[in-house]
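Student: model the structure of this input:
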Amino acid sequence: MPHPQPAARPDREPARRVTEEIRPGRIPLRVHPEWARAFPWVVQGTTVRAGGEARDGGRDRAARTRTGPTRAGHHPTAGADGGTGEDADFGLFTGAPAGAVMNRWESLAEDTGCGSMVHARQVHGRAVTLHEATPPGLLLVPPCDGHATRQAGTLLAVSVADCVPVFVVAPRARAVMLLHAGWRGVAGGILEAGLAMLERDFGAHAREAHMHMGPAICGRCYEVGREVHEALGLPRPASRGQPVDLRRVLVDRALAAGADPAHLTTSSFCTRCADAPFFSHRGGDAGRQIAVLGITPDDFGSPGGEWLDDHRRERDRQPVEDR
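Tutor: Numbers count the residues shown, from 1 in each chain. As a prediction, the model looks like this:
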């Protein structure tokens, strides 16, 4: 069934940009600061490659890529917290040492208070899995590219390294959804499939949902062939290798589905640009960060913790016009 194509929009940004802030922990997360204040019952964020900052102090990633096979094949053998300068690879299907990767997953579960974590091998499709009751530990479900739940204590996870993690919160329904959106998934309608599930299973329309398009490759770095433009319903470019802003495409599709523009944000981070604190597949990285979204258990404190208290105090010290 063909998906409705969004109408052409002006060049101005259709969604606000947000810079995720580091929430310290054994596993540092880049979190949406506005969501941390607005939804204290939600845990959300994206892991970083090494301690929260760009590897190599922000040097040009192209220079690092010249070391190609050695760098791309490197995996840390110790350290679970990503704060020692070693790359915090969360890839379960990338050939990274299983013990080190699982230590990171376990530490993240403890940091967030979520006793259950769900993940899957991603296939760049449109399938979204609904999780109603999950056992303790890490649950690997059949291949899919999205997860949804209203179950407290269940942490949804997708792995990314240029593709877009799409975070969705439905406050009235107290439900969350997390999508892995590469161009094939976007073209196949994963966002539309997720929003349909949101309404069918949680009674929440797209206009109620708050959506954030997280750290991903930007519209300057993501050069693709004409077939990608056509698959996404974009005009066919005159020459090959023209870039696509996949987050912009997702925002336009969300608006076409009835989303409230005030509830849409996009990350200011590009995973491919030189100062990115994230893995980039196009940059030659074999590692993967994970995006996570969940509902904290009732007996667990605010996921913001001391970080959120400090963030509020800093915000309150700012002049009103700078907020």
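Student: is it true that I217 touches S280?
Tutor: Yes: between I217 and S280 there is a contact under Cβ atoms under 8 Å: 6.9 Å. Just so you know, the C-beta spots here come from the backbone N, C-alpha and C atoms, and that holds for glycine as well.
Student: tell me which of these two has more neighbours.
Tutor: Comparing I217 with S280 by other Cβ atoms under 10 Å, the one with more neighbours is I217, at 30 against 24.
Student: local confidence estimate at that one?
Tutor: The model reports I217 with a pLDDT of 97.
Student: ok, now which ones touch it?
Tutor: I217 makes contact with 162-163, 246, 270-272, 280, 282, according to Cβ atoms under 8 Å, 6 or more residues apart in numbering.
Student: now it: closest residue in space, sequence neighbours ignored.
Tutor: Take I217 and drop its neighbours on the chain: the residue closest to it by Cβ to Cβ, 6 or more residues apart in numbering is D162, 4.2 Å away.
Student: in contact with the one you found, which residues?
Tutor: 182, 216-217, 222, 271-272, 280-282.
Student: what touches both of I217 and S280?
Tutor: In contact with both I217 and S280: 162, 271-272, using Cβ under 8 Å, 6+ apart.
Student: low pLDDT regions in the stretch 151-300 of the chain?
Tutor: Applying pLDDT under 70 to the stretch 151-300 of the chain flags residues 299.
Student: and the contacts of D162, which of them are buried?
Tutor: Buried members of these, counted by 16 or more other Cβ atoms under 10 Å: 182, 216-217, 222, 271-272, 280-281.
Student: neighbours of the residue nearest to G146 when sequence neighbours are not counted, how many?
Tutor: Distances taken as Cβ to Cβ, 6+ apart place V128 nearest to G146, at 3.4 Å, with adjacent residues excluded. Counted with other Cβ under 10 Å, residues neighbouring V128 total 23.
Student: ok, now L255?
Tutor: 18.
Student: can you tell me the SS state at it?
Tutor: In terms of secondary structure, L255 is helix; the call rests on DSSP: H, G, I helix; E, B strand; the rest coil.
Student: quick check: the gap between it and R207.
Tutor: Going from L255 to R207 by Cβ to Cβ, to the nearest Å gives 10 Å.
Student: what of R37?
Tutor: On the measure of Cβ to Cβ, R37 and R207 end up 22 Å apart.
Student: if we can go back for a sec, surely the residue nearest to G146 is in contact with C144?
Tutor: Yes: the pair V128 / C144 is scored as a contact, 6.5 Å apart, by Cβ under 8 Å.
Student: which of the contacts of I217 lies closest to A187?
Tutor: Comparing those against A187 with Cβ to Cβ places L246 closest, at 10.1 Å.
Student: can you give me the helices in the stretch 151-300 of the chain?
Tutor: Along the stretch 151-300 of the chain, counting by DSSP state H, counting those that start in this stretch, helices occupy 183-188, 190-202, 226-231, 246-256.
Student: understood, closing this out.
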